[in-house]
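Novice: just the structure for this:
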Amino acid sequence: MKNKILLTSILLAFFATVGNKELFAQKGGHNFSLFGGQSNYLIERPTGQSSFIFNKVGFGYGYGIGKKINLFVNGELGALSSSKVLVIPVVSDNSCSCLTSGIGSLSTQLSSVSLGLEFPILTVKKLSLKTRIGSNFQAFENSFTNVVGERYRREYSGLLGLQLDYRISKKWSLFINTTGNKPYKTTLKDPDYYMSNKQTDNTKDFLVNGVIGITFSIERKKNKDSDQDGVNDELDKCPDTPKGETVNQVGCSENQLDDDADGIVNKLDKCPATPKGEKVNANGCSDSQLDDDLDGVSNQKDKCPNTPKGEKVNADGCSESQLDEDKDGVNNLIDICKNTQAGQKVNAYGCALNQMDSDADGVFDDVDKCPEEKGDKLNNGCPVVSKKIENKVIEIANEVNFITNKADLTVPSKSKLNELLAILLENPDLKIIISGHTDDVGNSESNFVLSEKRANSVLNYLAEKGIAKSRMTALAFGEAQLKANEISEESRAKNRRVEIKILK
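Specialist: Residues are numbered from 1 along each chain as shown. Predicted structure coming up:
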């Protein structure tokens, strides 16, 4: 079980190393070595220990698969130099034939092949200490002078050791190493010797190697780095990086990378995660990412891209100040009448005449004959004046007189106008029409001017007392509307008059 774990660990380490692209980025270079040394094979059995020492020579080849990693393959040949062999007593069941004087002397040939990796662990000037890890196959061919027949031992083992290199020159170096081999699988054929099939437990066997040799190296060619950014051209995805820019492991700087492939390099891209295929602006942002008016709705969905700051918007990015649901030209925020029918003219508040009631009298402006004066629905929106007031106003007007051929009011007339003044003050919604008339004596043009002056004389008197001129209208008729025939002085006096009517 321990041997299987050892083999598995070695294989995992090997393949993990080979699979590391970064570690092997700088590959290339060859080295060849010749060496000689000894191997001491220690065998332990229940009856004791045996030791076999082999002299050997070998040839090695190495290939730089990484900047500091070397893959090596070694071949070795050796012969038994000396041994201390355990002799097992003869047993009665003939299960084992043991050493006797009839076997003769032992002769063993060793051949082996090793495969593994070298890693430098310490380098001081020309000296370099390396660790070696790998696997080994070795074969032992046994023969005895007085015994005929084939005898062999085949073993697979894990390899672990250290090597010290001394660099003589650029191409030559000396080395010494020592390794230990631990068998994990053994096949043997030796029917007459002590290591018969019944005694194949080699769990405690161990092979110790020590060699010295010389290595000739063909240095790897330096990988080209055209833009001198520290990443060779073989791996450099941006071989034209400007000098001095910091690059990533594939040789690209922020000025060259464009992670979202929108045509704007990362350094300038304010939206580095733009969905594929979307058009972007100079900052690398698409309409689905931009929100120019900062209303929380992207430009792509925003139907009102110029919303004033701070205004609440709907799902389309529009605020009440931008919407005009009835399309009357007045936005919702101001529109008092949001259901105006298409084509109707509206005021500044979005209301048509048939929607407005300016004087709040219950009569819409389009039919209200007094749209700015609160009135009665039955009177077309105009105020209803009592008959009593109407008659009183007519009575007052009949008693207003002027100095002959002049527009000056007489003192009694002013007294009567004061009564009219009281009525107007008590009824602020009342409006009146003042019309001036003359008799037919004299020039008609002069009479017209005189009637105009007399009407204005009444208007001005009331205005001086506090009645707004906007509530009064002065009209001149001259001798156009005679009230009585011009036969007597009394009739002429009736024609020289001012009429006052309430405007309905």
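Novice: what's the longest strand in the chain?
Specialist: strand 147-167 (DSSP state E).
Novice: mean confidence for that strand?
Specialist: The pLDDT scores in strand 147-167 average 81.
Novice: can I get the CA coordinates of it in PDB?
Specialist: What follows is strand 147-167 as a C-alpha-only set of coordinates in PDB (Å, rounded to 0.1, in the frame of the first residue of the first chain):
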ATOM      1  CA  VAL A 147      24.400 -23.700 -11.900                       C
ATOM      2  CA  VAL A 148      22.800 -23.800 -15.300                       C
ATOM      3  CA  GLY A 149      19.600 -21.800 -15.900                       C
ATOM      4  CA  GLU A 150      18.100 -18.300 -16.300                       C
ATOM      5  CA  ARG A 151      17.900 -16.100 -13.200                       C
ATOM      6  CA  TYR A 152      16.800 -12.500 -13.200                       C
ATOM      7  CA  ARG A 153      15.100  -9.700 -11.100                       C
ATOM      8  CA  ARG A 154      13.000  -6.900 -12.500                       C
ATOM      9  CA  GLU A 155      12.000  -3.900 -10.400                       C
ATOM     10  CA  TYR A 156      10.100  -0.600 -10.700                       C
ATOM     11  CA  SER A 157      10.800   2.000  -8.100                       C
ATOM     12  CA  GLY A 158      10.300   5.600  -7.100                       C
ATOM     13  CA  LEU A 159      13.300   7.900  -7.200                       C
ATOM     14  CA  LEU A 160      14.200  10.800  -5.000                       C
ATOM     15  CA  GLY A 161      17.500  12.500  -4.400                       C
ATOM     16  CA  LEU A 162      19.800  15.600  -4.500                       C
ATOM     17  CA  GLN A 163      22.300  16.800  -7.100                       C
ATOM     18  CA  LEU A 164      25.100  19.400  -6.700                       C
ATOM     19  CA  ASP A 165      26.300  21.100  -9.900                       C
ATOM     20  CA  TYR A 166      29.400  23.200 -10.400                       C
ATOM     21  CA  ARG A 167      29.500  25.200 -13.500                       C
END
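Novice: can I get the CA coordinates of the helix or strand following that strand in PDB?
Specialist: Scanning forward in sequence from strand 147-167 by DSSP states H and E, the next helix or strand is strand 172-189. Coordinates of the C-alpha atoms in strand 172-189 are reproduced here as PDB (Å, rounded to 0.1, in the frame of the first residue of the first chain):
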ATOM      1  CA  TRP A 172      30.400  22.500 -19.200                       C
ATOM      2  CA  SER A 173      29.700  21.600 -15.600                       C
ATOM      3  CA  LEU A 174      30.600  18.900 -13.000                       C
ATOM      4  CA  PHE A 175      28.000  17.200 -10.900                       C
ATOM      5  CA  ILE A 176      27.700  14.800  -8.000                       C
ATOM      6  CA  ASN A 177      24.400  13.300  -6.900                       C
ATOM      7  CA  THR A 178      22.900  10.800  -4.600                       C
ATOM      8  CA  THR A 179      19.500   9.200  -5.000                       C
ATOM      9  CA  GLY A 180      17.400   6.600  -3.200                       C
ATOM     10  CA  ASN A 181      15.200   4.000  -5.100                       C
ATOM     11  CA  LYS A 182      12.300   2.400  -3.400                       C
ATOM     12  CA  PRO A 183      10.800  -0.600  -5.200                       C
ATOM     13  CA  TYR A 184       7.100  -0.800  -5.700                       C
ATOM     14  CA  LYS A 185       6.900  -3.800  -8.100                       C
ATOM     15  CA  THR A 186       9.200  -6.700  -8.500                       C
ATOM     16  CA  THR A 187       9.300  -9.700 -10.900                       C
ATOM     17  CA  LEU A 188      11.900 -12.400 -10.400                       C
ATOM     18  CA  LYS A 189      13.000 -15.800 -11.700                       C
END
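Novice: great, nothing more from me.
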